[in-house]
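[1] Below: sequence and its predicted model.
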Amino acid sequence: MIRWNRFFLLATPLVLLWAAGHFFLDRGLKIAVEQFGSAANGARVDVRGLTTRFWRLSLDVRGLAVADADAPMTNIVEIEAMRFKMAPKPLFWRRFIVEEAAITGVRTGTKRRVSGALPRRGSPAAEKTREIADAAVGNIKTAYDPSRRISTGSLTAYVYLEEKRARLTTLADQWRSRADSLDVKNLSVKTRDFIKKAQGDTYSGLEGVAKAQAHLKEAKDLRAELKAARNTVKELKNSLTSEIGQSRTVLKEIDRLRREDIQRLVGDVKGALSAEGALKGLLGPAWTAKLDKALGLFEKTRRLSGSPENAPPPEPKVAFPQGRNIDFPFHHRWPVFHLKHAVFSGETPDGLTYKGEIRDAASDPVLLGRPAVLTAAGSTDNRSLDVKGVFDFTTPTPKQSVLAKYAGLPLGGLPLGDLKGPVALGGGTGAVRANITVTGTALGGRVDLKGDGLSVRHELPADADRLTQSLHAVLGRVKEASIGVGLGGTLKSPRFSLNSTLDDQLRGAVKGALDQEVAKLRADAEKSVAALLDKETDKLAALVNERAGDALAKIGLGEKDLGGLDERLEKALRDLTGKTGVQALPDSIQKLFKKK
Amino acid sequence: MLILKIFAGFLQALNAKATPRAIAGGVALGALIGLSPTGGVQNILFLLLIFLLPVNKSASVVAALAFGALTWPLGGLFDRLGYALLTAPALQGLWTALFNTPVLPWTRFNNTVVLGGLAVGATLFVPIFLSATWGVQRYRDRVVAVAAKWRVFQILRASKFYELYEKFS
């Protein structure tokens, strides 16, 4: 049944397939590495050449250059050659085990001839790094400048005023309308007219009794009306007095918050003008950003290792057509990817050559049961480098540690921070010792830098204040320094603590100039706060006072109108009963004349 | 152009050129390929079978395209079916054995969509084959035989268009 002649038909596409693989596979892989690498890196990844050898199961990559997304004319890393040799047997089970790898000519921070920026690339990561660095170090320049720190949004007094302004304005308007609605004038006139009429009238005979009865009834109604009016005036007065009191408390609170705002501003800037603040300013955001970037590498290794702690939550629904892969017990301890051993060699930007090795980098460290280890060492002339990193993801709580020592680090030309003018190191050598550990997400350890034979360059601005001049003088005398950065917090929100031998020298410089600067700053801050707040507060206070005065005056008039009318009405009634004879009146009317 | 040629070849085979069983075989094997959208080495095996067995290649391509289009709306179903099969307690021994057998992991059978598609394809293989055989026979008896007598069809066969169709097929 099988048509053997169809083998020829089959052979043709197979030969074509082989030819395509032979001639185009390497090119396709090169393009794939460049495209996927660029997408992952956020900047260009270039490969000069790539060769696969099917029967030897090896892959050679030549001239790999990974551009720095934050500095596109620089490569983060450039590798001259890489060779990977795969183990054949695991491939039958779709496992990629690299038995040996050799990576040579590793260099970092090399210049590029063409920009490595990708088209339409925003740099949110770089922006974020900068933001974190700024927040972490509290650049002295920003802290010092009141005009940058004081805004309507940053003043709690202004925010509070904005919150209360609408309510107070509405209340003040209501006081006027409520006081206007109070009308006791008519009642007062009506009562006076009645008293006049009752006292002037004569009551004789039965007709007189009837008239007296009518007047007594009218008197009863007037008395009730007077009572109600008096209650209304009393309630309104109480309520307005309470509201006016509350409004004046709000005005007082604004004033209190304003004083607090100024205190806080002065306190912040005092901190920045302290020795530690000056040191932070001296180191600058750029160095904190570098440290932050280095910490980001820890997180990257976690993601690549598939650490359970950092694994994304399982998707509720699978996205077609990828589907879900379900693993079953496997009799070999082979992760999907495992780099058993790799040797590498390279050169630091300042020409120190080193060699190192990587062991057991795997996609499933738990299955492998061993941590990944990186070691590197090298020395040239009076410089030496020693690094050991252990990345252990074999337990539920991942542990990473890096111990690095670099002696003889040339510091000349190293840019530092900004003390109202750029600061850089003119010369000197340094020794760095970093011991960083990450357990779970908790960060710990120290980075110590000791500099010898230093010279610090500080560009002093023409309009430099006394503090900056003092700091400039101190920096000019610095010949050696030790700076320690303590690490704490978590990978996502690291905390840095600084201590340095520079502190004492800076403290001396700061002490003399600090009081004068703080006084000037307080005046500046008060002026800025007043410019923002005074006009608004005065306007509100004037409104409250004016409306409150009007309303209370109106109520006062009302009270005055009603004052004494009760007694006069009662006297008129007593006179009326005297003239007409109480006995002649019904009991119900007689009761009106009894004093309560 | 290639697609046109394949379609023309399929129509010609459907009308008279190939046996109903050859067309049905091509359709059934093409369906197996079409229902495995994410690939795997099993598709190479199916391709080999198409070349080695006396089945119609054009029918295979057309069926692969048609069933491939069906997998998009049915992807979720494949996923659920594959998941149910891969997690069925009774089948754990089988999957573990297959997972540990060389080469078989390259089929990606442990992927829910691949296994779901393969299971649907394998289940429908015989029904597709039988219904395609029956369908081709019915088509030839009911449509081709009757249409051949139509004057319009005879005019069409004598036209340039038919020449073009013959050229492509």
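    All right, it came through fine.
[2] Is A:Leu425 in contact with A:Leu449, as I believe?
    No. Counting by CB atoms under 8 Å, A:Leu425 sits too far from A:Leu449 to count as a contact (11.0 Å). C-betas here are computed from N, CA, C, even on glycine.
[3] now the helices for chain B?
    B:2-12, B:20-34, B:41-52, B:57-87, B:92-99, B:112-138, B:145-149, B:151-158, B:160-168 (DSSP state H).
[4] Please disregard the earlier target; I meant chain A.
    For chain A, applying DSSP H gives helices covering A:6-41, A:88-91, A:124-137, A:140-144, A:146-149, A:156-180, A:185-200, A:205-272, A:275-305, A:365-368, A:466-477, A:502-562, A:565-580, A:587-590.
[5] Can you get me a residue count around the closest residue to chain B within the stretch 401-550 of chain A?
    Of all residues in the stretch 401-550 of chain A, A:Gly440 sits closest to chain B, at 31.4 Å by CB to the nearest CB. By the criterion of other CB atoms under 10 Å in any protein chain shown, A:Gly440 has 12 neighbours.
[6] Phi first, then psi, for it.
    Torsion angles at A:Gly440 (phi, psi; degrees, to the nearest 10) stand at phi 70, psi -120.
[7] follow-up on the earlier one: possible to save the helices of chain A as JSON lines with mean neighbour count?
    Listed next are the helices of chain A as JSON lines, based on neighbours: other CB atoms under 10 Å in any protein chain shown:
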{"stretch": "helix A:6-41", "mean neighbour count": "13"}
{"stretch": "helix A:88-91", "mean neighbour count": "14"}
{"stretch": "helix A:124-137", "mean neighbour count": "16"}
{"stretch": "helix A:140-144", "mean neighbour count": "21"}
{"stretch": "helix A:146-149", "mean neighbour count": "14"}
{"stretch": "helix A:156-180", "mean neighbour count": "16"}
{"stretch": "helix A:185-200", "mean neighbour count": "15"}
{"stretch": "helix A:205-272", "mean neighbour count": "16"}
{"stretch": "helix A:275-305", "mean neighbour count": "19"}
{"stretch": "helix A:365-368", "mean neighbour count": "18"}
{"stretch": "helix A:466-477", "mean neighbour count": "18"}
{"stretch": "helix A:502-562", "mean neighbour count": "16"}
{"stretch": "helix A:565-580", "mean neighbour count": "16"}
{"stretch": "helix A:587-590", "mean neighbour count": "12"}
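[8] so what's A:Arg167 up against?
    Under the criterion of CB atoms under 8 Å, 6 or more residues apart in numbering or on different chains, A:Arg167 has no contact partners.
[9] re the thing from before, for the helices of chain B, which one ends up most surrounded?
    Mean neighbours per residue, mean count of other CB atoms under 10 Å in any protein chain shown, is largest over the helices of chain B for helix B:20-34, with a mean of 24.
[10] near chain A at all, that one?
    No. Against chain A, helix B:20-34 shows no contacts by CB under 8 Å from any CB of the partner chain, the least distance being 11.2 Å.
[11] and that helix, average pLDDT?
    Mean pLDDT, helix B:20-34: 90.
[12] Which neighbouring elements make contact with that helix?
    helix B:41-52, helix B:57-87, helix B:112-138 (3 or more CB pairs under 8 Å, 6 or more residues apart in numbering or on different chains; DSSP states H and E).
[13] at 10 Å instead, please
    In this structure, helix B:20-34 packs against helix B:2-12, helix B:41-52, helix B:57-87, helix B:112-138, with contacts taken as 3 or more CB pairs under 10 Å, 6 or more residues apart in numbering or on different chains; DSSP states H and E.
[14] coming back round to it: out of the helices of chain A, flag the one nearest A:Leu352.
    Checking those against A:Leu352 by CB to CB gives helix A:275-305 as the closest, at 18.2 Å.
[15] Could you list the low-pLDDT ranges of chain B?
    In the predicted model, chain B carries pLDDT under 70 at residues B:1-2, B:16, B:38-39, B:145, B:148, B:153, B:157, B:162, B:164-169.
[16] show me what contacts residue 45?
    Let's take chain A. Neighbour list for A:Val45: A:33-39, A:64-67, A:75-76, A:116 [criterion: CB atoms under 10 Å, 6 or more residues apart in numbering or on different chains].
[17] could you do chain B instead?
    Neighbouring residues of B:Leu45 by CB under 10 Å, 6+ apart: B:Leu32, B:Ile33, B:Thr107.
[18] out of the residues you listed, who's nearest chain A?
    B:Thr107 (9.4 Å).
[19] Name the nearest residue to A:Ala101, ignoring sequence neighbours.
    A:Ala342 (3.6 Å; CB to CB, 6 or more residues apart in numbering or on different chains).
[20] Equivalent analysis for B:Gln137, please.
    Leaving out its chain neighbours, the residue that sits closest to B:Gln137 by CB to CB, 6+ apart is B:Pro20, at 5.2 Å.
[21] Check whether that neighbour really touches B:Ser131, as I assumed.
    No. Counting by CB atoms under 10 Å, B:Ser131 is not a contact partner of B:Pro20; they are 11.1 Å apart.
[22] Which pLDDT value goes with the residue nearest to A:Arg27 when sequence neighbours are not counted?
    Closest residue in space to A:Arg27, ignoring its immediate chain neighbours: A:Leu50 at 8.0 Å, by CB to CB, 6+ apart. On pLDDT, A:Leu50 comes in at 92.
[23] cool, A:Glu559 as well?
    77.
[24] in the stretch 301-450 of chain A, which ranges drop under the pLDDT threshold?
    A:302-321, A:417-419.
[25] Do a quick rundown of the strands in it.
    Along the stretch 301-450 of chain A, counting by DSSP state E, counting those that start in this stretch, strands occupy A:337-347, A:353-362, A:372-380, A:383-392, A:399-410, A:415-418, A:422-439, A:442-458.
[26] and the fourth one, which strands flank it?
    Partner strands for strand A:383-392, per DSSP bridges, with pairing direction: strand A:372-380 (antiparallel), strand A:399-410 (antiparallel).
[27] how big is the angle separating it from strand A:422-439?
    Inter-element angle recorded for strand A:383-392 and strand A:422-439: 40 degrees (by axes from the mean of the first three to the mean of the last three CA atoms, to 10 degrees).
[28] picking that back up, surely the residue of the stretch 401-550 of chain A closest to chain B is in contact with A:Asp392?
    No. Look at A:Gly440 against A:Asp392 with CB under 10 Å: they stay out of range, at 11.6 Å.
[29] hey, what's in contact with both of these two?
    Residues touching both A:Gly440 and A:Asp392 comprise A:Pro398, A:Lys399, with contact defined as CB under 10 Å, 6+ apart.
[30] which residues sit in contact with the residue nearest to A:Leu155 when sequence neighbours are not counted?
    In space, and not counting its chain neighbours, A:Leu155 is closest to A:Asp261: 5.0 Å by CB to CB, 6+ apart. Going by CB under 10 Å, 6+ apart, A:Asp261 touches A:Ile150, A:Ser154, A:Leu155, A:Thr156, A:Ala157, A:Tyr158, A:Val159, A:Ala525, A:Glu526, A:Val529, A:Leu532, A:Leu533.
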